[in-house]
Each structure stands twice: as C-alpha cells, then as structure tokens.
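Novice: What follows is a protein structure lacking sequence information:
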C-alpha cells in the first residue's frame, strides 16, 4: 500500500505543490488510526533527512470508496472557502483513489500538539497559565466556526436533525422510564429555549487537545475531521474540548471520569476557568449561557453516539454515565 | 498447492478424512475439518482443553460480533488474545509491503487469525499454520463467518512443515520466532531457529519476503517494566546459561525463548540467505501497533520521540531514548521490531 502511495506522490509531486528539483525519497510513518476493518490507517510522509513530515495521508483499510472519507473531504473543502476559518485547517487537501481505495492527502501540520503542552505536574496551580492559554486558543476556533457557519432551520428540521437521532439512540440504550422522561423534558426545554430561532452549526466531533496543533507562528491547526458533521449544536465542540482536557490531565482525583463532572460542578480555580471560557464564548458568539446549560449534557450523549458507532456499546458507557449525571445536576453547573 | 509429507517431503494423496503418503504409508487425518500433521498435545496460551470444548459449543453458529460479545462476557484467563485478534490494525505492518492479488502467503503460528484474516483479503491464498489445534478451530469459525475461502488452516509444527520448494511470496512469523526453541525440546534453541530460517528461505519464491515481528532482546522495556517470554524479569538481558539457571529455578524448565539484538537478527537473517533486511519499529508493541516506522531514517525516530513518547511515556523513558537517539543508538534499545527481509 505504501509503495503505491509513494509512486502516486512521486508522479504528482508538482501538482501537490512541491518543487521538482529531484525525485523525492519518501518514508512513511504509520500513526494512529482505528483498529477495525473499515477503519482508517494514517501515515505521515517524510522526505528523507527532513525532521518534519510534509504530508498526512488518511486511508480506509478495506478497498472500497468510503463515505466517511468523502464526507470529511467535502466538509473541509466547504470550510476552506471561509477565509476566517481556512487558516485553522490542514490545507491543501486532496481526495484521491488508488487501487480502489479512497485516500485523503493533506499538508502535514508542524509545531506541537496541544496535548504535549499538558503539564506532568499534579498541582493544578502550576498549570494555570498553560491551561488558560489553551482554553482560550481552543475557544477561538470554535466560536468562529459556530458563528460563521451557523445554519437556520425550521422547528421540524431541527427536531429531525438534532432531537430525533439523540432520542432514538437514548431510547434504545436506556430502559429506565424515569430517565427517558427526564431526557425528553430536557430536549423540550432546549426547543423552547431556542424560541423559534432554530439553528445548527458544523461540529468537529473530536475537538480535543490531541487534534490541535500549535505552529511556530502561533497559528492553531485543527486536524482529524473524521467525525465532523454539518449539523450539530453550538457549545458541543467547546464542551467536549474542556471535558477531554480535564480527563487527560495528570491531576487528582485519579478517576478521570469523576474528575470531569466534579470540575464542571465545582467552585475551584479550574471550574472558574471553565466558567470564564463559557462566558467569553457566549459574549463572542451572542449565544445565551442558559442555552449552553441545556446543551451541556447533550455533548456527552453526542460523544456516546459517536463512540457507540465506532467502538461499540462498552466504549459509549462512560459518556452515557456522564450524560445522565449531568442531566440530573444541571442546576449545579459552574457557569 | 499440493501439501507434502513432513517426513519424506513427497506429495500427499487425498483420501477419505485426510491425506496419505504413498512412500511412508503415513496417514494424516482431519481433526474438526483441519488437516493435522501432529498430535493434539501442544497448547499455547492459558486456556485448558475443557474450556475450549465449552467455548466451541458456545460460539457454534454465532457471528463474529456475537463471538466477541461472548468472550467479553466471560471471565476466564487468556480470552483477550482472542477478542483482540479481531482488530485489523494488527496487520498494519503489511501496509509497508506490496502484497498483490496473486500472492500466496504462509502464516506460521497464525493463532486465531490476527494477520491471516486481513491478509486473506489482499492475496490469493493464506496457508495458516499453527501447532495449537483450538486456535485453528477458532480461526476456522472466523473464516466461515467472513466467507473467506482462500485460507487453508494446517495443524503442524514449524519445525516440520508439509511444504516443499519455493511456494510462497510471503512468509510471516508474528510473535512466533522466539518460541521455535520451545517446539523442539532437544537441541540448542538458536540452532533450531537458524534451521527454521533456512527452511523458510527454501520455501520462499525468488524475491519473496519474510516478515518477522519480535521483541528486541535489549529493549528498554525489559530493563524494568516488562517480563521476558520466560515470564520472569530480566532474563532476556542475561547470558543464556544464567537465564536458564533462573528459569529452571523458578519455572522448572530451561530458557528456550531466545530473542536477539538488532545486530544479531541482522546476522541471523543474512546467514540464512536473506537480503534487503529492513527494521521497522512498532509502538507500543507489534501485537497492537499504533505507530510503525522504518528505523532507516533517524529523523523519524526523533520526531516520534518529541511528539509522542514525550507525553505518552514516563519521563525517564523519554530521557533515555533522547540520549540513545543523540548517540544514534536507538535501534539497540527500541522494545520490538518488525523485520522485513527479502530472499
């Protein structure tokens, strides 16, 4: 497979925007990906002797044209047209097909992943500056995405696009009548809160510090748009970023899942940072914080649906638990 | 491809329920539909025969998803190797090789089919050889569910394989080469391993490839984190006689699961007639490789070090590899290798 890609790249070297002074000697680095048959394999491509990769290649393991690769491509192509968003994207991007396999070719991001800036220090106090900077950097992109790409819908379209899929998923998942009633009530409150002005925004779907690069110029680049979709809710990416960040930190309490909710429901320094970030997001986007509170539990449920599709029920379970606890304790949120 | 008698290397005839050698009059019967050249006594892993009977009864007629769910719901030791065998990323090392539709592959020590199944989708035939019959029965169940008719399971020892002459485009030993010494109870394990390499070289077609995934004897992880195949700490780092002393003392048997250093793998393969030997590093290990890259360009290792090891591993490990990379010595200490060599 690598041989075929290498051959393709050499043949199209100039079209891909690289200078043809000599035939490139390419090395491939398989990085991440998913383990299942229809899953993806990712490669970073290095030119011999270079310390940074030049290209990122994303391939589906089995030989079929793949809707998820095509969806990712079309979302990125559409966002590329927005000049305020394009600096954040790993561009240029090409969709190619080699031996029946769809592949995405992207410019490789340089610099550091935001995740590598996570401190190993267990004392939160010493992470203050990095944390504030990372939260604000992450918020900068999502507020642009959510405001600039906002799409108005009718109530029935909104119900069809957002309410129905979540309801169907949770209905199948949960047996408790009481929980189902509480969930239906939450959705109705959300519909009421929108007060006739229904809208959706594109979401990244896996907006975590692992997928954010900070280049040497300070520009952030967002990678891995595999779970992106056109119709999501505002706040979702921001909440997910913060949840995943708190989950990844090397601090106490050690149980990462318990830690997530305890921060959102707490009053400490980190909770204040969450509060401040949400306030700032609301100020910049014009969305009401009360809408954010109703959307908050749904970001956990949205993640559960993604996990369930990709990795099965077991992987979705912790996200469902977070969803249920947060739905029950909305009045205790720190923002 | 015609199978041959492992004793006299002459072609076998098909007879009812098995294969027959006209020369030495040996009959090799089918066990659970799998042609078998050895007694059903060798068993790799922690699952006892009685448990296997229970498992095969439970998974009879079930889909692959149901088989996985069943195994996840059970609590017995050793089941995770079978659950994990459904993960297709285990065969990702093969993406660095150009397997074609017409290629014939031999998977030695195929186990439950971690590599066999993904490879069968890319090539003409996979001969899946293993000395543990239940593992082949498990593979058979998966094969039937996947509708793959190009997998031929064979119950045999790698020390005495039912093949002759250059027949394969690829031969793979994924986490298997180190166990060769255990399959023959007599003789020096290294000599047995050399013999297997020689035999594989004979079975490969011209320009055919050998794929070995294995631990580095001096891998950093063995210094303080991981146990060796002997299930004891540090034995891979010791002189063999000392390792044998400890395994005899604590495990009641001599040390026979030999792994080697980067240089030694290189020389063993060269001595067996292989060329274009390329070492890849697999992280966190070759069984579940999330990251794979060639050891040829040290810049990639440094990139990996700064972008991945730094925040995934402990600080000491990062500093150690940084020192090793600075001296150009990382290849001597990476935990494991995927080695690709050409005949």
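Specialist: Received the coordinates, thanks. This one's a predicted model, so the numbers in the text were calculated from it and none came from an experiment. Numbering: from 1, shown residues only, chains lettered A, B, ... in the order given.
Novice: Report the rounded mean pLDDT for stretch A:159-179.
Specialist: Here stretch A:159-179 scores 91 as its mean pLDDT.
Novice: Oh, that last question was meant for stretch A:73-91, not what I typed.
Specialist: According to the model, stretch A:73-91 has a mean pLDDT of 94.
Novice: repeat for stretch B:182-189
Specialist: pLDDT averaged over stretch B:182-189 gives 83.
Novice: Same check on stretch B:222-235?
Specialist: On average, stretch B:222-235 scores 90.
Novice: tell me which residues in it are buried?
Specialist: Residues B:222, B:228-230, B:232, B:235 are the ones in stretch B:222-235 that count as buried (16 or more other CB atoms under 10 Å in any protein chain shown). C-beta: built from backbone N, CA, C; applies to glycine.
Novice: what does stretch A:208-221 give?
Specialist: Buried, per 16+ other CB under 10 Å, within stretch A:208-221: A:208-214, A:220-221.
Novice: wait, does that stretch make contact with chain B?
Specialist: No: interface with chain B: stretch A:208-221 contributes nothing (CB under 8 Å from any CB of the partner chain), its closest point being 9.6 Å away.
Novice: what about that stretch, how long is it end to end?
Specialist: 12 Å (CA to CA, to the nearest Å).
Novice: What are the contacting residues of it?
Specialist: A:87-90, A:109-115, A:117-118, A:134, A:137-138, A:140-141, A:204, A:222-224, A:240-241, A:244-245, A:248 (CB atoms under 8 Å, 6 or more residues apart in numbering or on different chains).
Novice: so of these, which ones are in strands?
Specialist: Cross-referencing these against strands under DSSP state E gives A:112-113, A:222.
Novice: Contact partners for the spatially most central residue of chain B?
Specialist: Centroid-nearest residue in chain B, with CA atoms, centre = their mean: residue B:174, separated by 2.5 Å. Residue B:174 is in contact with B:90, B:107, B:109, B:111, B:114-115, B:211-213, B:286-287, counting by CB under 8 Å, 6+ apart.
Novice: ok, back up a step: can you flag which of the buried residues of stretch A:208-221 belong to helices?
Specialist: Per DSSP state H, helices hold no members of the buried residues of stretch A:208-221.
Novice: Pick out the lowest-pLDDT one from these.
Specialist: Where pLDDT dips furthest among the buried residues of stretch A:208-221: residue A:210, at 88.
Novice: picking that back up, most neighbours among the contacts of residue B:174, please name it.
Specialist: Ranked by neighbour count (other CB atoms under 10 Å in any protein chain shown), the contacts of residue B:174 have residue B:107 at the top, with 30 neighbours.
Novice: Assumed that residue was part of a strand.
Specialist: Yes: Residue B:107: assigned to a strand according to DSSP: H, G, I helix; E, B strand; the rest coil.
Novice: just to revisit the earlier point, now go through the buried residues of stretch B:222-235 and say which are in strands.
Specialist: Within the buried residues of stretch B:222-235, no residue falls in strands by DSSP E.
Novice: Please enumerate residues in contact with stretch A:3-23?
Specialist: Here stretch A:3-23 has contacts from A:24, A:26, A:28, A:43, A:45, A:54-55, A:57, A:59, A:92, A:94, A:96, A:98-99, A:103, A:105, B:97-98, using CB under 8 Å, 6+ apart.
Novice: and residue B:4, how many neighbours does it have?
Specialist: For residue B:4, using other CB under 10 Å, the count is 19.
Novice: quick one: low-confidence parts of the stretch 1-150 of chain A?
Specialist: Across the stretch 1-150 of chain A, the ranges flagged by pLDDT under 70 are A:63-65, A:118-122.
Novice: what does it have sitting close to chain B?
Specialist: Counting by CB under 8 Å from any CB, the stretch 1-150 of chain A sits next to chain B at A:1-4, A:27-37, A:39, A:41, A:44, A:46, A:48-53, A:61-63, A:112-113, A:115-116, A:118, A:120.
Novice: Of those residues, grab the buried ones for PyMOL.
Specialist: Here is the PyMOL command that picks out the buried ones among these, judged by 16+ other CB under 10 Å:
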select buried, chain A and resi 1+2+27+28+29+30+31+32+33+34+35+36+37+39+41+44+46+50+53+61+62+112+113+115+116+118
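Novice: Let's see which of the residues of the stretch 1-150 of chain A next to chain B end up in strands.
Specialist: Mapping the residues of the stretch 1-150 of chain A next to chain B onto strands (DSSP E) picks out A:27-31, A:41, A:44, A:46, A:112-113.
Novice: closest to residue B:190 among these?
Specialist: Nearest to residue B:190 among those: residue A:30, at 31.4 Å, using CB to CB.
Novice: Pull the contacting residues for the closest one.
Specialist: Neighbouring residues of residue A:30 by CB under 8 Å, 6+ apart: A:41-43, B:92, B:95-96, B:289, B:291-293.
Novice: Please tabulate those in JSON lines, including the columns distance to residue A:296.
Specialist: Shown next, in JSON lines, are the contacts of residue A:30 (distance: CB to CB, whole Å):
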{"residue": "A:41", "distance to residue A:296": "35"}
{"residue": "A:42", "distance to residue A:296": "31"}
{"residue": "A:43", "distance to residue A:296": "37"}
{"residue": "B:92", "distance to residue A:296": "38"}
{"residue": "B:95", "distance to residue A:296": "41"}
{"residue": "B:96", "distance to residue A:296": "44"}
{"residue": "B:289", "distance to residue A:296": "37"}
{"residue": "B:291", "distance to residue A:296": "35"}
{"residue": "B:292", "distance to residue A:296": "39"}
{"residue": "B:293", "distance to residue A:296": "40"}
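Novice: Among those, which one sits closest to residue A:335?
Specialist: residue A:42 (35.3 Å).
Novice: pretty sure the closest one is touching residue A:33, no?
Specialist: Yes: contact criterion CB atoms under 8 Å: residue A:42 and residue A:33 qualify, at 5.0 Å.
Novice: follow-up on the earlier one: just the buried residues of the contacts of stretch A:3-23.
Specialist: For the contacts of stretch A:3-23, buried by 16+ other CB under 10 Å: A:24, A:26, A:28, A:43, A:45, A:54-55, A:57, A:59, A:94, A:96, A:103, A:105, B:97.
Novice: which bits of the stretch 201-343 of chain B sit near chain A?
Specialist: B:288-294, B:296-297, B:299-300, B:302-304, B:307, B:310-311, B:315.
Novice: I'd like the next helix or strand past the helix or strand harbouring residue A:96.
Specialist: Per DSSP states H and E: residue A:96 is located in strand A:93-98. Scanning forward in sequence from strand A:93-98 by DSSP H and E, the next helix or strand is strand A:101-107.
Novice: Just checking: what are the partner strands of that following strand?
Specialist: Sheet pairing of strand A:101-107 (DSSP bridges) gives strand A:55-60 (antiparallel), strand A:93-98 (antiparallel).
Novice: closest to residue B:335 out of the ones you listed?
Specialist: strand A:55-60 (25.5 Å).
Novice: circling back to that earlier point, give me the buried entries from the contacts of stretch A:208-221.
Specialist: A:88-90, A:109, A:111-115, A:117-118, A:134, A:137-138, A:141, A:204, A:222-224, A:240-241, A:244-245.
Novice: Right, I'll call it a day here.
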